[in-house]
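Enquirer: Sequence first, predicted model second:
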Amino acid sequence: MLRALRKKSGAHRPSAPIIAAPSYRLATVAENLFPTLLQDLFSAYHHLILKGFAAENIAITGNSTGGNSALVLTYIISQSTLPMPRHTILFFPTTNLTFTASTSVPHDIIPLSSY
């Protein structure tokens, strides 16, 4: 589907906007346990950089557990020699894995001390 969208949009050069939705190994079998997901996502980001896509044109996004993966991927990229993406966009990320935070907070930012 993504190839069809790219072809239809005329995006045939690295500076053209694209949507990259990398495949990754699911942790449903013993061979694919943590951290294979993050390895696959990092490899996909690295591949985009090697193909000439500019990091300042890349946004990493994720929803729920995917938001957590996007956040951790961004941290891994920051610890590597690869350039940082321009944006990391998280939709309802699972960041508190203890699930102890209240769901009705009076403001948007939850202080780290609450964890």
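Expert: Sure thing, it's come through. Computed from a predicted model, the values in this text were never measured in an experiment. Residues are numbered from 1 along each chain as shown.
Enquirer: What separation do you get for Ala70 and Ala21?
Expert: Distance, Ala70 to Ala21, using Cβ to Cβ, to the nearest Å: 12 Å. Backbone N, C-alpha and C define where each C-beta goes, glycine included.
Enquirer: again, but for Ala30
Expert: Going from Ala30 to Ala21 by Cβ to Cβ gives 26 Å.
Enquirer: In which helix or strand does the residue nearest the centre of the chain reside?
Expert: Residue closest to the average C-alpha location in the chain (Cα atoms, centre = their mean): Ala70, at 2.9 Å. Element membership for Ala70 (DSSP states H and E) is helix 65-78.
Enquirer: just Ile89 next, same as before
Expert: strand 87-91.
Enquirer: Show me the helices in this protein, by range?
Expert: Counting by DSSP state H, one finds helices in the chain at the ranges 2-9, 36-50, 65-78.
Enquirer: how about Ala55, what does it touch?
Expert: The contact partners of Ala55, taken as Cβ atoms under 8 Å, 6 or more residues apart in numbering, are 49, 82-86.
Enquirer: count of neighbours near the nearest residue to Leu33 once chain neighbours are set aside?
Expert: Spatial nearest neighbour of Leu33, excluding adjacent residues (Cβ to Cβ, 6 or more residues apart in numbering): Ala27 at 5.4 Å. By other Cβ atoms under 10 Å, 13 other residues sit near Ala27.
Enquirer: ok, now Met84?
Expert: Residues contacting Met84 under the criterion other Cβ under 10 Å number 14.
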